[in-house]
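**Student:** fold the stuff below for me.
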Amino acid sequence: MRFKTRSAASLIVGLLSSAGLSASEKIGDHFWPTPNNAFVEGRTLEHFVQPTESGKLISALWGCVRNNGTRFHEGIDLKATQKDRHGEPTDSVFAFDKGIVRYVNLDARLSSYGRYIVIEHPHWSPGMVTLYAHLRAVPNAIRSGVEVTGGQPIATMGRSASYTIPRSRAHLHFEIGIWLGGEFQRWYDQQRFNDRNDHGEFNGMNIIGMDVWALLQALKRGEVTNVVEYLAAEPAAVSVTHWDSQIPDLLQVNPDLMTNYVIPENHAGWRIDFSASGLPLRFEALASKTRSSSRTTIRIVNERLARSQSCLSLISEGKSPSPSAKLNGILQRLFVD
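**Tutor:** Just a heads-up that it's a prediction; the model follows:
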């Protein structure tokens, strides 16, 4: 059921009034995205995460944590702690930081995320986004192009999805990642998927998530104060040399990701450092005189990181390492033919 705009906004206002909250708790320079501050207070996992039907708390975290380590989970699932008389969640969802709403999906049937919001945070780095999913309601004021402040209520937690999530497992699915570019639809059409793309360039497939659980822990321990500091220290797992003279959309909105800033004469390709999750960290423009015979080659920078996620391998093993299907898919979305 889709909530009417007025009732959705009233639901959020009513929640804030009853809970006595006007903003979420700070965590570093950011804001915890739900009213449940158990993590900020240092309490254990069972007080703030929502596991899958397996009951394993780790299944709510980021990484290869589902189906005995064979299925990847891109974010963290935060449990509902406030319910109405029907058992439906009424917890507010707060913006993790200030930013610009880039996308709102209000039709839960169209995505496994259900109702979801994507907010860009260009003051971190253009193209960096947070994603809030399985929402019960989104007020009319939260729409594409609207600026929000950190800690601002943007939605009500829920259990919406293209599949059934029981009341007992209502939660917020929260991600932080990077948008890969505006040519996603062209790439999508080339794949000949059975389903149409209803979400344009803000389809979840076009956002590569970072290890949000590791980030939140680093913020809690005071090792970093914000996402920018965390990303600056993020080590590369692999380095890929890819011969394609295109300038990806991501670099056109965020040239600071380039290490050499100036495109060299006879530009013919790129050297790209990727994190263990496939997050593109740095780009170096390469001239044709350095070109090798192979279009794409990979070098392992950190063996432990490169193999840390068993279900998300960036490397295809053989006589010599080569990019995995996962990594090739990311390259295809960055450089759409």
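**Student:** every contact and neighbour count from this point should use C-alpha atoms.
**Tutor:** Will do.
**Student:** quick one: low-confidence parts of this protein?
**Tutor:** 1-23, 290, 292, 319 (pLDDT under 70).
**Student:** tell me the domain ranges of it?
**Tutor:** 5-216, 235-334 (automatic domain parsing).
**Student:** right, and these - which one's nearest Glu229?
**Tutor:** Evaluated over the domains of the chain, closeness to Glu229 peaks at domain 5-216, with 9.4 Å, by C-alpha to C-alpha.
**Student:** how far off centre is the closest one?
**Tutor:** 9 Å (C-alpha atoms, centre = their mean, to the nearest Å).
**Student:** out of the domains of the chain, deepest packed?
**Tutor:** Comparing those by mean neighbour count (mean count of other C-alpha atoms under 10 Å), domain 5-216 ranks first with a mean of 19.
**Student:** redo the domains of the chain as CSV? Include distance to Val227.
**Tutor:** As requested, those are arranged in CSV below (distance: least, C-alpha to C-alpha, whole Å):
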stretch, distance to Val227
domain 5-216, 7
domain 235-334, 13
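**Student:** of all those domains, which lies closest to Asn226?
**Tutor:** Per C-alpha to C-alpha, nearest to Asn226 of the domains of the chain: domain 5-216, 5.5 Å.
**Student:** list phi and psi for the nearest residue to Lys26 once chain neighbours are set aside.
**Tutor:** Nearest non-adjacent residue to Lys26, counting by C-alpha to C-alpha, 6 or more residues apart in numbering: Trp32, 6.1 Å away. Torsion angles at Trp32 (phi, psi; degrees, to the nearest 10) stand at phi -60, psi 130.
**Student:** distance check, Trp32 against Pro153.
**Tutor:** In this view, Trp32 and Pro153 are 11 Å apart by C-alpha to C-alpha, to the nearest Å.
**Student:** rewinding a little: Phe94 is in contact with the residue nearest to Lys26, correct?
**Tutor:** Yes: if you go by C-alpha atoms under 8 Å, Trp32 and Phe94 touch, sitting 7.2 Å apart.
**Student:** overlap in contacts, these two.
**Tutor:** 24, 151 (C-alpha atoms under 8 Å, 6 or more residues apart in numbering).
**Student:** what residues are up against the spatially closest residue to Ser322 that is not a sequence neighbour?
**Tutor:** Excluding its sequence neighbours, the residue lying closest to Ser322 (C-alpha to C-alpha, 6+ apart) is Ser316, at 5.1 Å. By C-alpha under 8 Å, 6+ apart, Ser316 lies in contact with 322-325.
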